[in-house]
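J.: sequence first, then the predicted structure, then my questions.
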Amino acid sequence: MGAACYLCEHQYGLIPGQSAGDAVGACKLCGVLACLAHGMRDKSRPAYVCGCCVVGLLTVAAGKTSGGAGDSPAGPGPGAGDDRDPTEGTPSGFAIWAQGIEDVEDLIGDLAEERWTWLRHDATYLSELLAGPDTPASLKAYARPGAARARALMGAAAALATQLNLPESELAPALQHVVQEVRRV
């Protein structure tokens, strides 16, 4: 008998192309046990990360993209609209880990594989939606020309959160805001 996957037990959605079942690893960030359909191994660290934390890392990385304040829409909260680091003074595993994430591929190393076609497609669609002329006023920071990297990261976070059917309580406030606005459009 194996250990139960936390995300399976709570009936979250599955990462397509993977099979649900017994847990294969404990998340390096939050500690929950996750199966292959609810987590992945980080390509640049010897760590297993659950789907909830992958979404969180992509969201934090979207707020920390390089290139200055014009390229870093932090969403609601500290640092929004100015040069300050939104995580300054509150280093966490997410903030530290997100520093090395510039693109989705930095976290999902096998993103080019066929099993991630859905994520690439959905993330591209959401990224274009965030940049479009009908972008809600509250998300205009993502529509700026210099925010392409932030849009790509946030689009991937929103796509994965939607696929996993994560409840709002599992989403960072910035991602909650994006998901709510995208659902309205």
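T.: Great, that's in hand.
J.: low-scoring stretches of this structure, by residue?
T.: When residues are selected by pLDDT under 70, those of the chain lie in 1-2, 43, 65-91, 185.
J.: tell me where the chain has strands.
T.: With DSSP state E, the ranges of strands along the chain come out as 25-26, 33-34, 39-41, 48-50.
J.: so what strands line up beside the third one?
T.: This points to strand 39-41. strand 48-50 (antiparallel) (DSSP bridges).
J.: which residues sit against the partner strand?
T.: Residues outside strand 48-50 that contact it (Cβ atoms under 8 Å, 6 or more residues apart in numbering): 6-7, 24-30, 32, 34, 38-42, 57, 107. Using the backbone N, CA and C atoms, a C-beta is placed for each residue, glycine as well.
J.: was I right about Trp116 contacting Gly109?
T.: No - contact between Trp116 and Gly109 fails when scored by Cβ atoms under 8 Å: they sit 10.3 Å apart.
J.: looking at these two now, which is surrounded by more residues?
T.: Ranked by neighbour count (other Cβ atoms under 10 Å), Trp116 and Gly109 place Trp116 first, with 20 against 13.
J.: how about the contacts made by that one?
T.: With Cβ under 8 Å, 6+ apart, Trp116 has these contacts: Gly17, Ile108, Asp110.
J.: which one (most neighbours) among those residues?
T.: Counting neighbours by other Cβ under 10 Å, the top entry in the contacts of Trp116 is Ile108, with 24 neighbours.
J.: for that residue, what are its contacts?
T.: Applying Cβ under 8 Å, 6+ apart, we find Ile108 in contact with Met40, Lys43, Val54, Trp116, Leu119, Ala156.
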